[in-house]
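[1] Could you look at this predicted model? Sequence included:
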Amino acid sequence: MSSRGGNVLVRPAVPGDRAFALATVMRLGAFGPPPWRTADEIGEADARVVRAFFESAPAGASLLVAESDGSPLGFIYLETLRDYFVGDEHAHVGILAVTEAAEGRGAGSALMRAAEAWARGHGYRKLTLNVFEGNARARAIYDHFGYRPETVRYLKLL
């Protein structure tokens, strides 16, 4: 699968994308996490997922890379989850990360459109994602794409 969004091409990841994905995912701790989460904690959690994907991609998972003129701009990690309430499988955006230079250039939008196409192509009727409550920019983008909050997770440090 590959698709174009403006001058952004979205394609399946190849082994040579591993270092790019690992470097890019470390940016995610800067986008509105709660005070009890550190940037390193967030980056390392997502880096574990990326490393596992490149070592042995889980069934039902995909990693897509957005690029322009052969330079990677960002990536999206997609996986299959089971709905808690009704038990059906659905697509889930596990990670979405773009480089700082790619912000506002359409890479994230192209990746979200590709994710929706991937989900439809697998016969899924819904696509879910998680976002930090404090990440207003991402939440506005997801709202623009028609996503709506379903549950709000609360946490209390003991």
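    Perfect, I can see it now. Since the model is a prediction, treat every value here as computed from it, not as a measurement.
[2] For the protein, which segments count as helices?
    Remark: helices assigned in the chain by DSSP state H are 18-25, 39-55, 107-121, 136-144.
[3] elements contacting the last one?
    This points to helix 136-144. helix 107-121 (3 or more CB pairs under 8 Å, 6 or more residues apart in numbering; DSSP states H and E). Where C-beta positions appear, they are placed from N, C-alpha and C, glycine not excepted.
[4] and the longest strand for the chain?
    strand 71-82 (DSSP state E).
[5] For that one, which strands pair with it and how are they oriented?
    Strand 71-82 has the following sheet partners, assigned by DSSP bridges: strand 62-68 (antiparallel), strand 89-98 (antiparallel).
[6] In JSON lines, list the ones you listed along with distance to residue 115 and mean neighbour count.
    Putting those into JSON lines (distance: least, CB to CB, whole Å; neighbours: other CB atoms under 10 Å) gives the following:
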{"stretch": "strand 62-68", "distance to residue 115": "7", "mean neighbour count": "22"}
{"stretch": "strand 89-98", "distance to residue 115": "6", "mean neighbour count": "21"}
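[7] Of the helices of the chain, which stretch is the most buried?
    Each of the helices of the chain was assessed for mean neighbour count using mean count of other CB atoms under 10 Å. The highest is helix 107-121, with a mean of 20.
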